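# Sequence and predicted structure are below.
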Amino acid sequence: MPRVLALVLPAFFALAVPGGTHTADASPARWMVRDLGSLPSLPISNATAINNRGDIVGTSCKQFGDEGQFESCHAVKFARGKLTDLTATIGEDEGSDPKLNELGQIALDGGIFGHVYLWQNGAARDLGPAPKSKYAQARGINNGTQILGDSFDGDDFVWSEGKMRSIPTLGGSLGTEAFAINRKGCVVGQSGKGNAFHAFLWCGGRSRDLGTLGGLFSTATDMNDRGQVVGEAEYRRFIDHAFLWENGRMTDLGMLPKQTTSQATLINNRGQIVGFGYGKNDAERAFLWDRGRMVDLGTLGGCCSVASDINERGQIVGWSKNKRGQLRAFLWENGRMTDLGTLGGAWSEAHAINERGQIVGQGNPRRGRPHAILWQRT
């Protein structure tokens, strides 16, 4: 039986390294840049998701190794100037990025060799191991409290109403990797078919092969609540194109001029798609596909840009290099890319935006380790 773990926090679980605020005015709209702090023993923090209530989740980590090449992370919730160490509340020593829905419910895990947990109302429930495996990781949670999970050595699954359902393969030996779940509990990802992966849609207990654009490979990265699916598929040998799948048909979205490949990563409920492409110099370039037209989002003056999220208003966030080669968080709206600023250091990245226009991500201060950031218009 799954266990319910009451949230009884020692005082140090709720402490945060003090943050601060900065004001960025790289555009006519001024932005307050707020440092969300970190756990005292895990000084590198990152905010990865924000919902429309303003709940924020992410990680707090430490680096080790001679060159800082390894990290040990805990899942955290940022609220009212304090951090809740979610990983500590479930009795685990390691955690990956927590997943957040609009109800404030959080799906989290104990890392690659842990279980998946549902955190709500100050308590965490152990959902147990994945099917055919001792271990499970959280991949997503929808507003119906259905949790998408991944296993280290077993089946990917959906947890709903106390039960785990395995997501079957398309018949190949490569297994299945699920990447996104929508409001209806439908799932997309990639599954082995022969010697290659094909994009799949699992809905109502059945898996469907979404095909390719003529090559051997395809993968689905996201799906909206209307059932539209996006991803990338091999167009010809070693050349991948972004696709939109709807009503049983896969459409090639093409690519930007001077690009050699493209990938669609996210789609909102209006059918607006964001992604990126690569050119001959391997520099990423973010795009928006809307009503049959692919728009180059441009850069902040440097070589490249990547879009990480889009809301229902069509506002896009991500990161781009500026003229100095510094990586900076951006907001793209109304045809313009805006530098959101940093915590006083050289770089920042934006990871998520809600419908109120609040943005979260990570950046470095003038001194010290990178911290999670909240950007808000002043």
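On my side now, so go ahead. Everything numeric in this text was worked out from a predicted model, so none of it was measured.
# Tell me the helices and strands packed up against the helix or strand residue 178 falls within.
Assigned by DSSP states H and E, residue 178 falls within strand 176-181. Other helices and strands packing on strand 176-181, by 3 or more C-beta pairs under 8 Å, 6 or more residues apart in numbering; DSSP states H and E, are strand 137-141, strand 147-150, strand 187-193, strand 196-203, strand 218-223. Glycine gets a C-beta too; all of them are placed from N, C-alpha and C.
# could you dump the ones you listed to TSV with mean pLDDT?
Shown next, in TSV, are the helices and strands packed on strand 176-181 (pLDDT from 0 to 100):
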stretch	mean pLDDT
strand 137-141	95
strand 147-150	95
strand 187-193	95
strand 196-203	96
strand 218-223	98
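# Quickly compare those and say which is most buried.
strand 147-150 (a mean of 28; mean count of other C-beta atoms under 10 Å).
# Give me the sheet partners of that one and which way each runs.
Here strand 147-150 has these sheet partners by DSSP bridges: strand 137-141 (antiparallel), strand 157-160 (antiparallel).
# Within the sheet, what are the partner strands of the strand holding residue 178, with directions?
Strand 176-181 has these strand partners (DSSP bridges): strand 187-193 (antiparallel).
# Now do the strand it pairs with against strand 218-223, angle only.
Angle, strand 187-193 to strand 218-223, by axes from the mean of the first three to the mean of the last three C-alpha atoms, to 10 degrees: 170 degrees.
# and the direction of strand 187-193 versus that of strand 196-203, what angle?
Going by the same axes, to 10 degrees, strand 187-193 makes 140 degrees with strand 196-203.
# could the helices and strands packed on strand 176-181 go into TSV alongside distance to residue 256?
Formatted as TSV, the helices and strands packed on strand 176-181 follow (distance: least, C-beta to C-beta, whole Å):
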stretch	distance to residue 256
strand 137-141	29
strand 147-150	31
strand 187-193	24
strand 196-203	22
strand 218-223	18
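# Minimum distance to residue 49: which of those has it?
Closest approach to residue 49 among the helices and strands packed on strand 176-181 is made by strand 137-141 (10.1 Å; C-beta to C-beta).
# related to what we said a few turns ago, looking at the strands paired with strand 147-150, which is nearest to residue 264?
Using C-beta to C-beta, the nearest of the strands paired with strand 147-150 to residue 264 is strand 137-141, at 17.5 Å.
# Could you dump the strands paired with strand 147-150 into TSV with distance to residue 229 added?
Below are those laid out as TSV (distance: least, C-beta to C-beta, whole Å):
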stretch	distance to residue 229
strand 137-141	15
strand 157-160	17
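# so which of the ones you listed comes closest to residue 131?
The nearest among these, by C-beta to C-beta, is strand 157-160 at 5.4 Å.
# Please spell out which residues along the closest one are buried.
By 16 or more other C-beta atoms under 10 Å, the buried positions in strand 157-160 come out as 157-159.
# Run through who's touching it.
116, 118, 127, 130-131, 136, 144-149, 151, 164-167, 181, 185, 187 (C-beta atoms under 8 Å, 6 or more residues apart in numbering).
# Mind jotting down where the strands sit in the stretch 201-350 of the chain?
Secondary structure of the stretch 201-350 of the chain (DSSP state E, counting those that start in this stretch): strands at 206-209, 218-223, 229-236, 239-246, 249-254, 259-267, 273-279, 284-290, 293-296, 301-310, 316-322, 327-333, 336-339, 344-353.
# Any chance of JSON lines for those, columns distance to residue 38?
Formatted as JSON lines, the strands of the stretch 201-350 of the chain follow (distance: least, C-beta to C-beta, whole Å):
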{"stretch": "strand 206-209", "distance to residue 38": "41"}
{"stretch": "strand 218-223", "distance to residue 38": "30"}
{"stretch": "strand 229-236", "distance to residue 38": "34"}
{"stretch": "strand 239-246", "distance to residue 38": "36"}
{"stretch": "strand 249-254", "distance to residue 38": "39"}
{"stretch": "strand 259-267", "distance to residue 38": "27"}
{"stretch": "strand 273-279", "distance to residue 38": "29"}
{"stretch": "strand 284-290", "distance to residue 38": "28"}
{"stretch": "strand 293-296", "distance to residue 38": "36"}
{"stretch": "strand 301-310", "distance to residue 38": "21"}
{"stretch": "strand 316-322", "distance to residue 38": "20"}
{"stretch": "strand 327-333", "distance to residue 38": "18"}
{"stretch": "strand 336-339", "distance to residue 38": "24"}
{"stretch": "strand 344-353", "distance to residue 38": "15"}
